[in-house]
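[1] Give me coordinates for this.
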Amino acid sequence: MRIVFAGTPEFAALHLQALLDDDNNSQEHNHHEIVAVYTQPDRPAGRGKKLTPSPVKVLAENHKIPVYQPLSLKSPEQQQILAQLNADIMVVVAYGLLLPHAILRTPKHGCINVHASLLPRWRGAAPIQRAIEAGDIETGVTIMQMDVGLDTGDMLHTTHCTIEKTDTGGSLHDKLATIGPPVLLATLQQITQGTAIPEKQNDTLSNYAPKITKEEALLDWSQPTETLDRKVRAFNPFPVTYTTLNNERVRIWQATPITINTESKYPGTICKSDSQGIQVAAGEESLLITELQLPGKKRLPVSEVLKSRADLFTPGTVLGD
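    Below is the predicted model of the structure:
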């Protein structure tokens, strides 16, 4: 098939790489051709705010694939450009732009999406983080036939993945980025052979997974330790949870829930501070911070931080006030 690929971050680039690798390894009669790549416009990144291409753009240019970076696909001009590519199918992976109805029906086989959740569980921009934050024990990847709704199209293929109690947003992302590409390749083969069987989603089981905001990353110490633990893990590596100390942000990269009753302590109170970590009273039980980042400093294990700044974390100090 003639494939147009649309995606932006590293998760998408790994799926594009799988398609390229499959092309190189395929027999001639199974060959797919990536005729174009769509990705988000270059964005400012780093301390210098230099315009930086997406991982998908970098990969596409390395393989001499034409790259398109429209701000929107709503205009007739952009829709005509896509139509002229004469694609059999459009593969969409974390692209970041809504596809109008005219785009969805342009390729012969429409548009399929690789979604990092077992639909319909989490629809929206941040299914990986929201699954951890909610305490889900399982997630996966769904290949979906796209329609005009938000992740509401018929499911073509799913694969499951266990969420461990130690998984972070980063580690779970990497797991799903590993299991997703083979499922995509299998689904494309089924579509080519005409054996794909669409399955309707049960809308009553769906939840919305909104984009993660930096404002959400502030920890509320009055919440139970289990809730705090899930948030710390879900928001690692972005945007990273934080608390405040002396009116400055302290980023919390890793922590462990502790089943010690701290009802007598005000939430946010440091109960103990040693090489094992900083134990903080929560709404229920406590949280042991094991890796943090002081303002303007690198992320470090708490044991290293305490060697020079133990004065900041003496028992009785209240975080978040």
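
[2] Now do the helices in the stretch 51-200 of the chain.
    55-62, 76-84, 101-104, 127-134, 169-193 (DSSP state H, counting those that start in this stretch).

[3] Tell me which of those helices is the most buried.
    Mean neighbour count (mean count of other Cβ atoms under 10 Å) peaks for helix 127-134 among the helices of the stretch 51-200 of the chain, with a mean of 24. C-betas here are computed from N, CA, C, even on glycine.

[4] That one - what's its average pLDDT?
    Averaged over helix 127-134, pLDDT sits at 98.

[5] can you list contacts of that helix?
    Here helix 127-134 makes contact (Cβ atoms under 8 Å, 6 or more residues apart in numbering) with 115-117, 121-122, 124, 139, 163, 167-169, 172-173, 176, 207, 209-210, 212, 230-231, 233-235.

[6] For the buried ones among those residues, write the corresponding ChimeraX selection.
    The buried residues among these can be selected in ChimeraX (16 or more other Cβ atoms under 10 Å) with this line:
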select :115,116,117,121,122,124,139,163,167,168,169,172,173,176,209,212,230,231,233,234,235
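
[7] now the longest strand seen in the chain: mean pLDDT?
    In the chain, taking DSSP state E as the definition, the longest strand is strand 248-258. Strand 248-258 carries an average pLDDT of 97.

[8] cool, stretch 140-160 as well?
    Mean pLDDT, stretch 140-160: 97.

[9] And stretch 43-53, by the same measure?
    For stretch 43-53, mean pLDDT is 90.

[10] Stretch 190-204 now?
    97.

[11] can you list contacts of that stretch?
    Residues contacting stretch 190-204 (Cβ under 8 Å, 6+ apart): 1, 30, 89, 109, 112, 119-120, 145, 152-157, 187.

[12] And it, what's buried?
    For stretch 190-204, a neighbour-count test (16+ other Cβ under 10 Å) marks I191, T192, A196, Q201 as buried.

[13] Pull the most distant pair out of the residues you listed.
    T192 and Q201 (23.7 Å; Cβ to Cβ).

[14] relative to helix 169-193, how tilted is the helix or strand hosting A18?
    Element membership of A18, judged by DSSP states H and E, is helix 10-25. Compare the direction of helix 10-25 with that of helix 169-193 by axes from the mean of the first three to the mean of the last three Cα atoms, to 10 degrees and you get 40 degrees.
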